[in-house]
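*Asks:* A structural model of the following input is requested.
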Amino acid sequence: MSITSALFTGVSGLLNNAEGMNVIGNNISNVNTIGFKGSRTLFSDMLSTPTTNRSQMGHGTTIQKIDNLFTQSSFESTGNVTDIAIQGDSFFALAGPSDPKGTAITGEKAYYTRAGAFRLTPDTTVAPPVDLYLSNPDGYRLLDTAGFPITVPVAAAPPADTDIIKITAIDTDGKISMLRGDGTVAYYSAVAGVPVAGGDTNAANATRLATLRVPYPGELEKFGGTLFKANNPATGVTAATVLYSATWNSATNLPSQEKLFSNNLEQSNVDMATEFVKMILTQRAYSANSKTITTADEMTQEVLNLKR
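*Replies:* Numbering: from 1, shown residues only. Model prediction:
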């Protein structure tokens, strides 16, 4: 192997450690981003060249993969009933702002997130609006377990007895309780498709927020806005994959150990101390690779000096 190869080996270290620093910087910049999941850079050695005595000579490093880390993070209490955090591995399922309202969005068609900062926003496609959607700040609509956006009818002014005034609670399995104009509690019925009076029967039939436990979350693609898409079949999510509530997995028809917590938001899972340690190591690796290049250059110059 020539000295020139050592130059390119050093260059590979510079380029790939620079990309690793970019990943670290992105993690640190999102340390306060709700529901953010950090990434890590996995390096791999490049193809080696066989030499004598069955030895092999390396050609530097390359980035094998940039992994998303889906570890559970801590919760922040907000006091806002439509702020929701998931205890478990699942994701909230969302429809895009331009997705048709009357078509179920399930499986790979949905967007997924751990950022549960939702709010009621009007349906701007109808004037005046007749429905409010539970949406994230970018307008992506939270789905129910049937794959349809969760809606709340717009109350009249002043509200009638049966009008919904506000959402009062979201329990641990995703059922939404609402306050009516007459002061009574209502649930949004999965059977009737409208808010119905409280009671054990209606509570049992209440619509639940949709979540999905992705079989292989490491294969999810980041979409921006703390959203993920299951575009890769390796995620195990297909168009027919069924959404489910936090406490019941409709895919297996078995109870789930997960829970939803209203009035809470999941924080970023980035640990700043860990990222700073990685930053120091990456900086040192970058400097060491630059030293490889300068040393190889000096050796090349020595060879050129032989002609003098």
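
*Asks:* rest of the way, CA atoms for contacts and neighbours
*Replies:* Fine.

*Asks:* by mean pLDDT, flag the weakest helix or strand of the protein.
*Replies:* Among the helical and strand segments of the chain, the one scoring lowest on mean pLDDT, DSSP states H and E is helix 200-204, with a mean of 52.

*Asks:* who are the contact partners of the residue positioned nearest the centre of the chain?
*Replies:* Geometric centre of the chain, nearest residue: residue 113, 4.2 Å, by C-alpha atoms, centre = their mean. Applying C-alpha atoms under 8 Å, 6 or more residues apart in numbering to residue 113 gives the contacts 35, 91, 92, 93, 94, 226, 227, 228.

*Asks:* wait, the second one touches residue 211, no?
*Replies:* What it means is residue 91. Yes: using C-alpha atoms under 8 Å, residue 91 is in contact with residue 211, at 5.3 Å.

*Asks:* Three-state assignment for the closest residue to residue 292 other than its chain neighbours, please.
*Replies:* The shortest distance from residue 292 to any non-neighbouring residue, by C-alpha to C-alpha, 6 or more residues apart in numbering, is to residue 10 (5.6 Å). Here residue 10 is helix, with the state taken from DSSP: H, G, I helix; E, B strand; the rest coil.

*Asks:* this protein: helices as residue ranges?
*Replies:* Secondary structure of the chain (DSSP state H): helices at 3-29, 200-204, 272-305.

*Asks:* so where's the stretch 151-300 of the chain uncertain?
*Replies:* 155-165, 188-205, 250-251, 253 (pLDDT under 70).

*Asks:* mind running it again at 50?
*Replies:* Scanning the stretch 151-300 of the chain for pLDDT under 50 picks out 192, 200-201.

*Asks:* strands of that one, residue ranges please.
*Replies:* Counting by DSSP state E, counting those that start in this stretch, the stretch 151-300 of the chain has strands at residues 151-153, 164-170, 176-180, 185-188, 195-197, 211-212, 221-224, 227-229, 248-249, 254-255, 259-262, 264-266.

*Asks:* figure out which of those is closest to residue 307.
*Replies:* strand 221-224 (55.9 Å; C-alpha to C-alpha).

*Asks:* show me what the closest one is packed against.
*Replies:* strand 227-229 (3 or more C-alpha pairs under 8 Å, 6 or more residues apart in numbering; DSSP states H and E).

*Asks:* can you list the strands that the strand it packs on pairs with?
*Replies:* strand 111-113 (antiparallel), strand 221-224 (antiparallel) (DSSP bridges).

*Asks:* just to revisit the earlier point, which of the helices of the chain sits closest to residue 81?
*Replies:* Nearest to residue 81, of the helices of the chain and by C-alpha to C-alpha, is helix 200-204 at 18.2 Å.

*Asks:* per-domain residue ranges of the chain.
*Replies:* 3-71+269-305, 75-266 (automatic domain parsing).

*Asks:* pick the most buried one from those.
*Replies:* domain 75-266 (a mean of 19; mean count of other C-alpha atoms under 10 Å).
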